[in-house]
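**Q** Below are the sequence and a predicted model; questions follow.
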Amino acid sequence: MRRAGRVVREVLELVRSRVKPGATTLDLENAAEQRIADLGAKPAFKGYHGFPCVLCTSVNSEVVHGIPSSRRVLREGDIVSIDCGAIVEGYYGDAAITVAVGANIDPDTARLLRVTEESLKSGIAAVKPGATLGDIGAAVQSVVEAEGFSVVRDFVGHGIGSHMHEDPQVPNFGEAGRGMKLRPGMVIAIEPMVNAGKPEVRVLKDGWTAVTDDGSMSAHFEHTVAVTDTGAKILTE
Ligand code: MG
Ligand code: MG
């Protein structure tokens, strides 16, 4: 899983370097697909329940599961969430980043990105043997809501291993002390999806792209994290 996680990280960093005004989300997809193949890994998303691509690229008010397209041109001031999964010898890695397009991003949107990444770090910091899933959710939620943003409820993190989505579900909200206890050897994907406005989302007619219902901006950061005897080991770093 560490090897799968490293593939995902390498692909995300390559794609980050390709994000610029004028690039299309299909350009990002093509770069990612080539790099996954070059690294001898398999894409985890392409064909998953019929998803057509190796990346999810979700721009501005798109929350998750955006489909890369030659018609989607990135503009200065946009943000794009890039989610990638890879398989190495049957084991999965899954991670996401949200990247600003160009240097002139609106200050509130910049804060949304910072806070979402911070909430992921806070969730990871809660991971240790004996802690609960509720501890993770509460840690994420408190960082997000202290800044006046909202946590998406309709999509959650997940266990991961020889399948991309395994039990348990890992919500980005909850109450400390509640839910399943973490044990060494468990591996989970923690992935806060944070809206600048209200938490409600809806899915577009393409059957995949989830967008904020109020049209506000949305950010997404994700790591695959192993529970160890002493705490958390991030496998997608
Ligand atoms: Mg993901
Ligand atoms: Mg995931």
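**A** Everything's here; your move. Ligands and ions are numbered 1, 2, ... in the order given.
**Q** tell me the average confidence for stretch 102-114?
**A** Mean pLDDT, taken over the full extent of stretch 102-114, equals 97.
**Q** ugh, wrong one, I meant stretch 40-56
**A** When the per-residue pLDDT values of stretch 40-56 are averaged, the result is 97.
**Q** Settle this for me: Phe221 is touching Ala96, isn't it.
**A** Yes: between Phe221 and Ala96 there is a contact under Cβ atoms under 8 Å: 6.0 Å. All C-beta atoms are positioned from the backbone trio N, CA, C, and that covers glycine.
**Q** Can you pick out the residue with more neighbours from the two?
**A** In this view Phe221 and Ala96 are compared by other Cβ atoms under 10 Å, and Ala96 has more residues nearby, 26 against 23.
**Q** need the next SSE after the helix or strand where the more buried one lies, C-terminal direction.
**A** Under the criterion of DSSP states H and E, Ala96 resides in strand 91-100. Counting by DSSP H and E, the next helix or strand C-terminal to strand 91-100 is helix 107-125.
**Q** Which positions within that following helix qualify as buried?
**A** Neighbour counts over helix 107-125 (16 or more other Cβ atoms under 10 Å) mark 109, 111-113, 115-120, 122-124 as buried.
**Q** overlap in contacts of Phe221 and Ala96?
**A** Listed as contacting both Phe221 and Ala96 by Cβ atoms under 8 Å, 6 or more residues apart in numbering are Glu191.
**Q** can you pull the contacts of Met186?
**A** Contact partners of Met186, counting by Cβ under 8 Å, 6+ apart, are 159, 226-227.
**Q** Please repeat the previous calculation with a cut-off of 10 Å.
**A** Residues touching Met186, when contacts are defined by Cβ atoms under 10 Å, 6 or more residues apart in numbering, comprise 127, 129, 159-161, 166, 168, 180, 225-228.
**Q** Find the nearest non-adjacent residue to Ile105, please.
**A** Closest residue to Ile105 in three dimensions, ignoring its sequence neighbours and counting by Cβ to Cβ, 6 or more residues apart in numbering: Gly77, at 5.7 Å.
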